[in-house]
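Asks: coords below, sequence missing:
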Ligand SMILES: Cc1cc2nc3c(=O)[nH]c(=O)nc-3n(C[C@H](O)[C@H](O)[C@H](O)COP(=O)(O)OP(=O)(O)OC[C@H]3O[C@@H](n4cnc5c(N)ncnc54)[C@H](O)[C@@H]3O)c2cc1C
């Protein structure tokens, strides 16, 4: 695989950049693999990469029903942070943050990770108490965080509306300086290229239609391109996790909901951080192209259409213009939805299932983009060894029987 480097860019410039190799092969599926990964989003591709890199397992195929990154991976608003409340989540999301910090160099692909900080606004005294508690918990877990008062917020976002007479006045915020954004489709492409270069087959247009089992264990899958056998199967299909679980004969405590986002027309740089408001359900950042990237909470109903309802958009745009009146004259450019897999405790499921050799990684809901490298790293360990790593052990399916939930509703909040 040709490396992406300044020298190679200069070399290829001489021939008009016409001779770059494709970033990954168009692999045709073989009849058998040691490990199959269902779902070619960021999490599935990261899993394949870390299986090859960390565990030397390269007899692996990633089966994607559409195209790489066509799911939530390239539909999200790209917020990356690790300031979750509970120690179990802190370990998982901070592992991911550390991987993000070296990711572009590691996979030789610029994922444009920009640590511009994330603010979570507080609008009531109780919000501020919760923010203090979370920042204290973060610091005890070695995660950066500060509590800002209203002046601190205004210093970072001078045009935010801090009047006392708005519906939800801004009292302060939590601030994680190492948090930020990354370019989402580059993450899918970068992991696909890196996994392919280590020998993994990335198979697009290959839908899994059945999960074959014998004596309580998985033996392979049926696909739109024929049956494929495998020793182990890892399913990482986000909003379709429930559909795949049904194919394997069990149910997951997951609901699939639409989650919408939109971008404005591009403007000159105005916002150099990410601002979220969990209470009034809106968050915003500005992309390198200049577009405002705006999102909200989930649409309340279940569904599999990659779109949402107009009243949700009205709700979050009303919140947006109240908090940032100067955005009221901007025009919207694009709008879309993804299907997110929400768990009752707002935490993921990463581990074993009732079927031997079959593992699921799902339930990331509205906030799994930030976890992409850490999720792949932990799931690769689980698939390679058959057991969860200490980092994902608290996130097993069994927690819904034992009651040892990791309730992150406070930190996962509106979304992300
Ligand atoms: C609008 C929106 C905004 C978001 N914002 C953020 C954010 O700011 N920060 C954050 O951390 N998270 C965010 N998220 C959540 C985040 O995008 C997801 O949690 C994460 O991308 C999930 O990654 P994945 O690889 O598991 O899923 P996906 O990228 O959805 O990949 C799953 C893949 O499985 C494939 N698949 C499904 N069924 C089959 C089948 N039968 N056979 C083969 N393949 C199949 C799909 O085609 C898909 O490509 C947001 C999500 C949305 C929708």
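Replies: Perfect, I can see it now. These figures come from a predicted structure and were not determined experimentally.

Asks: so how far is the ligand from residue 329?
Replies: 24 Å (C-beta to the nearest ligand atom, to the nearest Å). To be clear about C-beta, it is placed using only N, CA and C from the backbone, and glycine gets the same treatment.

Asks: Equivalent analysis for residue 23, please.
Replies: 17 Å.

Asks: The host helix or strand of residue 92 and the ligand, any residue contact?
Replies: In this assignment (DSSP states H and E), residue 92 forms part of helix 87-107. No. Helix 87-107 lies out of reach of the ligand by C-beta under 6 Å from any ligand atom, never closer than 9.1 Å.

Asks: So which elements touch that helix?
Replies: strand 79-80, helix 125-140, helix 184-197, helix 372-385 (3 or more C-beta pairs under 8 Å, 6 or more residues apart in numbering; DSSP states H and E).

Asks: Each with direction, which strands does the first one pair with?
Replies: Take DSSP bridges as the rule and strand 79-80 pairs in its sheet with strand 180-181 (antiparallel).

Asks: I'd assumed residue 202 was in contact with residue 62.
Replies: Yes. In terms of C-beta atoms under 8 Å, residue 62 counts as a neighbour of residue 202; the distance is 5.1 Å.

Asks: Who has more neighbours out of those two?
Replies: residue 62 (33 against 26; other C-beta atoms under 10 Å).

Asks: beta partners for the more buried one?
Replies: residue 37, residue 202.

Asks: any common contacting residues for residue 62 and residue 202?
Replies: Common contacts of residue 62 and residue 202, defined by C-beta atoms under 8 Å, 6 or more residues apart in numbering, comprise 40, 45, 48, 192, 195.

Asks: list the contacts for the residue of the stretch 151-300 of the chain found nearest the ligand?
Replies: Residue nearest to the ligand within the stretch 151-300 of the chain (C-beta to the nearest ligand atom): residue 238, separated by 3.3 Å. When contacts are counted by C-beta under 8 Å, 6+ apart, residue 238 is found next to 39, 41, 43, 71-72, 338-341, 362, 364, 368.

Asks: doesn't residue 206 make contact with residue 66?
Replies: No. Assessed by C-beta under 8 Å, residue 66 is found out of contact with residue 206, at 9.4 Å.

Asks: Spatially nearest residue to the residue positioned nearest the centre of the chain (excluding sequence neighbours)?
Replies: Residue closest to the mean C-alpha point of the chain, counted by C-alpha atoms, centre = their mean, is residue 369 at 1.4 Å. Excluding its sequence neighbours, the residue lying closest to residue 369 (C-beta to C-beta, 6 or more residues apart in numbering) is residue 76, at 4.4 Å.

Asks: before we move on, the earlier item: the ligand next: which of the contacts of residue 238 are close?
Replies: Counting by C-beta under 6 Å from any ligand atom, the members of those near the ligand are 39, 41, 43, 71-72, 338, 340, 364, 368.

Asks: Go through these and flag which are in helices.
Replies: residue 43 (DSSP state H).

Asks: Most neighbours among the ones next to the ligand among the contacts of residue 238, which one is it?
Replies: Greatest neighbour count in these, by other C-beta under 10 Å, goes to residue 43: 34 neighbours.

Asks: show me the contacts for it.
Replies: Counted by C-beta under 8 Å, 6+ apart, residue 43 has contacts 73, 236, 238, 361, 364, 368, 371-372, 375-376, 379.

Asks: cool, residue 78 as well?
Replies: Residue 78 touches 181-184, 285, 293, 369, counting by C-beta under 8 Å, 6+ apart.

Asks: do you know how far the closest residue to it other than its chain neighbours is from residue 72?
Replies: Distances taken as C-beta to C-beta, 6+ apart place residue 181 nearest to residue 78, at 4.4 Å, with adjacent residues excluded. Per C-beta to C-beta, to the nearest Å, residue 181 is found 15 Å from residue 72.
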